[in-house]
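> no FASTA, just this:
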């Protein structure tokens with residue numbers, strides 16, 4: 001049987017620990033859902049990044065100190 005007494009140190013009540021000790025599948029389901037949401041967010045970010053048009057991407061500005069500031073001619 002699972003032992004979730006370590007959750008008391010992070011603020012879980014005695015009733016919550018008793019429920020998790022009785023039904024550990026709730027904790028496993030929570031972890032599976034969190035991992036699934038993280039993977040989904042990463043997939044959405046990758047699709048967004050991969051489908052950017054070239055004009056939407058940030059252009060790198062060349063750092064050329066020889067030109068001087070905008071006030072110099």
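Happy to help now that I have it. Only a predicted model underlies this, so the values are computations on that prediction, with no experimental measurement involved.

> what residue ranges in the chain are flagged as low confidence?
For the chain, the stretches with pLDDT under 70 are 1, 64-73.

> so who does the residue lying closest to residue 26 once chain neighbours are set aside touch?
Of all residues not flanking residue 26 in the chain, residue 20 sits nearest, at 6.3 Å (Cβ to Cβ, 6 or more residues apart in numbering). All C-beta spots, glycine's among them, are computed from the backbone N, C-alpha and C. Residue 20 sits next to 2, 4, 7, 12, 26, 27 when contact means Cβ atoms under 8 Å, 6 or more residues apart in numbering.

> now for the strand or helix carrying residue 42, which elements pack on it?
Residue 42 belongs to helix 25-50 when elements are defined using DSSP states H and E. On a contact count with 3 or more Cβ pairs under 8 Å, 6 or more residues apart in numbering; DSSP states H and E, helix 25-50 meets helix 14-22.

> Work out the gap between the helix it packs on and the centre of the chain.
Here helix 14-22 is found 28 Å from its chain centre; the criterion is Cα atoms, centre = their mean, to the nearest Å.

> How many residues are close by residue 59?
When neighbours are defined as other Cβ atoms under 10 Å, residue 59 has 7 of them.

> All set, thanks.
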